[in-house]
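Asks: what's the 3D shape of this:
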Amino acid sequence: MLLSEVSLHDPVFRLAPLVIFLPLAGVILNLLIGRRLGELGAGLIACLAGAGAFAVSAALAFGLKSSPEGAIVLIWRWFQVGNLDLNWSLKVDTLSVTMMLVVSGVGTLIHIYATRYMHSDVRHHHEPGRYTRFFVFFNLFLAAMMVLVSADNFLMLFVGWEGVGLCSYLLIGFWFEGGEGGLGNARAAKKAFVVNRIGDFGLLIAIFIMLGAFGSLEFSRVFAAAPAVTATAPGVVLAITLFMLLGVTGKSAQLPLFVWLPDAMAGPTPVSALIHAATMVTAGVYLVARSQPLFVQAPLAADVVLWVGAITALFAGTIAVGQYDIKKVLAYSTISQLGFMVAAVGMGAVVAGMFHLITHAFFKALLFLAAGSVILALEEADHGHDLQDAQDMRVMGGLRSRLPVTFWTFLIGALALSGLVPLAGFFSKDEILVAAQQKSPAVFIILLAAAFLTAFYMARQVFLVFFGRPRSGAAEHARENPPLITVPLIALALLSIFGGVLNLPGVHTLEHWLEHSLNVTPAKFVLWIALVSLAVLAAAVTLAWLLYGRKPRATAREADPLAARLGGLYRALEARWKVDEFYSWLVVRPFERAAEFLSSIFDLKLINGLGDGLGALVQSLSTAASRIQNGFVRSYTLVFLVGVTAILAYLLLR
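Replies: Next comes the predicted model:
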């Protein structure tokens, strides 16, 4: 369906390119005049670009109510090579528009928050000139994500996929001079970039195989031909989906490629919120949901997706229990919750996975921004208190009365993430648990254990940060942040409270909405699973209160009560199971040793030796030639005579 055909359905679909072009316009305007307009002007341009994209997404959603089949909107004809004819076209359907609404809606709230947060951040780093640069990268991030979710073919999707990877690199390393040991933030950005390249390699190989097997990369043609290709060559579709999974593990931080996401906390807190809640890490979940027809033809690959997600959910949850950095607890929580989503789409509960993706965007963006509010309050209160690390929960405490808006919104986000009824997380998580119980009792138990850990580490975080007495001078003098910080928190808190209405049991609004794009399995509400889930939540919160709430931490140096009870196990959790050390031993150090060997043998001796030898040869020849040029006429006459004699001899003897 090309642009001329779009008008036959709903003219509002003609607005679709604006979801990409408006954020790009924000990028261009800030590049050209942002610095001259100052912080207010640069922030306003970026926020209006995001809000405009959200308005267009809402208009597209309204258009889909009357034309639920959607449309393909042609922007330009991209290229034609042989039989491959690809257009730069946007797929407007209920799945893509859902993602557009989440990305632009939550993203705009994060942009508003960032206008105030980055004012303090650039002042703290004494780099006011970087304020505009930050919003250039931020708007570019939105534009790249919009390309990814609106693409009508896998190659265009890959362009957006790479775009968000580039933007994550730029934003994680935004303060590249800082971090542990100096340039630590730059190393974190490089780590994210390199690990994601491994996943991107998998998706690229999947695209190459797909092109050879189907002769096309357009979603409609690939999905339509999938049953026939599976019948003749089932291994081809299996290979495509497994290589896709490799891409998912990189972009959505699943085992074994999850290690980049906790280090991504090196970026400013709005970056953490945008990456974790609304953009990059959800791309893998969206890819599996969009490619549902392929995974249906490869049940083995779908099962692998399911188990990767379930094990990641539990594994990351255990690590979060042993962390003290307020943002890293949330980072491992994101990895765990992404595991829930990946497991859901792997088991075929695509609507449940997308439902959790949406609600998670609400409460995880809220939690990160609230954590940023805490960090900002501590940094601004640190006047001579020598606060070493404003993100360490051990130096916090007592912030409930000092940051009331931040406390209540953080509490709402924590309870929504933990799955307390009637908050949004209860309904989305419950749908996944029901689907897991029907699919595999083992997966159900794993996800239930992950849910227990989620409630425990979130309660632990609330008790450490907001309860008890202040454990540092900065915490003692902290004050609530201004409205540009707190208003987005309140908006996200409201979404976290009421977001469950999107797919309430018995109503299933989201399910009916997505059935126009996906083959959906009707969701069920199972009372005993809901009761078990709430009992697990109550048990986890009670345990956290017994350990951290009943007798709050008195000083920053006090030992963690869980450490005394778990001993070496707790140290393993605190050390993140030493996965990074294992990867360093298995991959990084052998690579470095091989590079050193090759550089010392081939680079220094062979290549440099060859260059030095050629230089010495030329120098010797020039020295020999210079002896002829001695300035004596008799020498030149002799050379002339020898030359003439040689020529005459050649002519006579020829």
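Asks: When you work out contacts or count neighbours from here on, use the C-alpha atoms and nothing else.
Replies: OK.
Asks: Now do L586 against A188, distance only.
Replies: L586 sits 19 Å away from A188, going by CA to CA, to the nearest Å.
Asks: Pick out whichever of those two has more residues nearby.
Replies: A188 (24 against 11; other CA atoms under 10 Å).
Asks: okay, stretch 14-25 in CSV with CA atoms only?
Replies: Extracted in CSV, the C-alpha atoms of stretch 14-25 (Å, rounded to 0.1, in the frame of the first residue of the first chain):
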residue,chain,number,x,y,z
ARG,A,14,0.0,11.1,5.9
LEU,A,15,1.3,12.6,9.1
ALA,A,16,3.2,9.4,9.9
PRO,A,17,6.7,10.7,8.7
LEU,A,18,6.5,13.5,11.2
VAL,A,19,7.1,11.1,14.1
ILE,A,20,10.7,10.9,12.7
PHE,A,21,11.0,14.4,11.1
LEU,A,22,9.9,16.4,14.2
PRO,A,23,12.7,15.0,16.5
LEU,A,24,15.2,15.4,13.6
ALA,A,25,14.0,19.0,13.2
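Asks: just for the stretch 501-650 of the chain, where's the confidence low?
Replies: The stretch 501-650 of the chain contains residues with pLDDT under 70 at 627-628, 630.
Asks: before we move on, what about the stretch 151-300 of the chain?
Replies: 179-182.
Asks: And the helices in it?
Replies: Applying DSSP state H, counting those that start in this stretch to the stretch 151-300 of the chain gives helices spanning 154-172, 184-214, 219-232, 234-251, 260-263, 269-273, 283-290, 292-296, 299-321.
Asks: just so I know, which of the ones you listed lies nearest S104?
Replies: S104 lies closest to helix 269-273 among the helices of the stretch 151-300 of the chain, at 13.1 Å (CA to CA).
Asks: How far off centre is the closest one?
Replies: In terms of CA atoms, centre = their mean, to the nearest Å, the centre of helix 269-273 is set 11 Å apart from its chain centre.
Asks: Show residues contacting that helix.
Replies: Contacts to helix 269-273, defined as CA atoms under 8 Å, 6 or more residues apart in numbering, come from residues 110-111, 113-114, 117, 171-172, 264-265, 364-366, 368-369, 371-372.
Asks: and if you look at stretch 571-590?
Replies: For stretch 571-590, using CA under 8 Å, 6+ apart, the contacting residues are V259, T318, I319, A320, V321, G322, Q323, A563.
Asks: Between the two ends of it, how far is it?
Replies: 27 Å.
Asks: which strands and helices sit next to the top strand by length along the chain?
Replies: In the chain, with assignment by DSSP state E, the single longest strand is strand 71-81. Counting contacts by 3 or more CA pairs under 8 Å, 6 or more residues apart in numbering; DSSP states H and E, strand 71-81 packs against helix 3-6, strand 84-92.
Asks: quick one, helices of the stretch 551-654 of the chain?
Replies: So, for the stretch 551-654 of the chain - with DSSP H, counting those that start in this stretch - the helices run 561-566, 568-574, 579-583, 589-598, 608-628, 633-653.
Asks: how about TSV for these, with mean neighbour count and distance to A416 added?
Replies: Shown next, in TSV, are these (neighbours: other CA atoms under 10 Å; distance: least, CA to CA, whole Å):
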stretch	mean neighbour count	distance to A416
helix 561-566	12	24
helix 568-574	16	24
helix 579-583	13	29
helix 589-598	12	42
helix 608-628	12	62
helix 633-653	11	96
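Asks: now the ones you listed as TSV including distance to Q438?
Replies: Shown next, in TSV, are those (distance: least, CA to CA, whole Å):
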stretch	distance to Q438
helix 561-566	34
helix 568-574	31
helix 579-583	32
helix 589-598	44
helix 608-628	65
helix 633-653	98
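Asks: Minimum distance to L242: which of the ones you listed has it?
Replies: Taking the helices of the stretch 551-654 of the chain one by one with CA to CA, helix 579-583 is closest: 22.0 Å.
Asks: hmm, back to that, for the longest strand of the chain, what is the distance to the chain centroid?
Replies: The answer for strand 71-81 is 28 Å, by CA atoms, centre = their mean.
Asks: List the buried residues for that strand?
Replies: A71, I72, V73, L74 (16 or more other CA atoms under 10 Å).
Asks: Stretch 39-47 too?
Replies: Buried residues in stretch 39-47 (16+ other CA under 10 Å): E39, G41, A42, G43, L44, I45, A46, C47.
Asks: For V520, what are phi and psi?
Replies: phi -100, psi 150 (degrees, to the nearest 10).
Asks: Likewise for the one 4 residues further on?
Replies: Here is the backbone geometry of K524 (degrees, to the nearest 10): phi -120, psi 150.
Asks: Give me the nearest residue to F525, chain neighbours excluded.
Replies: Of all residues not flanking F525 in the chain, P505 sits nearest, at 6.0 Å (CA to CA, 6 or more residues apart in numbering).
Asks: how far does stretch 296-309 sit from the chain's center?
Replies: Distance, centroid of stretch 296-309 to centroid of chain: 22 Å (CA atoms, centre = their mean).
Asks: pLDDT and distance to M145 added to the buried residues of strand 71-81, as CSV?
Replies: As requested, these are arranged in CSV below (pLDDT from 0 to 100; distance: CA to CA, whole Å):
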residue, pLDDT, distance to M145
A71, 92, 20
I72, 93, 18
V73, 93, 17
L74, 91, 18
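Asks: Wait, the residue nearest to F525 touches K524, no?
Replies: Yes. Assessed by CA atoms under 8 Å, P505 is found in contact with K524 at 7.1 Å.
Asks: Show me the common contact partners of these two, please.
Replies: By CA under 8 Å, 6+ apart, P505 and K524 have no common neighbours.
Asks: L495 is nearest to which of the helices of the stretch 151-300 of the chain?
Replies: helix 269-273 (15.3 Å).
Asks: buried stuff in that closest one?
Replies: Result for helix 269-273 [16+ other CA under 10 Å]: buried residues T269, P270, V271, S272, A273.
Asks: Who are the contact partners of P552?
Replies: F463, L464, F467, G468, R469.
Asks: Give the buried residues for stretch 421-439.
Replies: The neighbour-count check on stretch 421-439 (16+ other CA under 10 Å) flags 421-437 as buried.
Asks: Measure how far that stretch is from the centre of its chain, please.
Replies: Here stretch 421-439 is found 24 Å from its chain centre; the criterion is CA atoms, centre = their mean.
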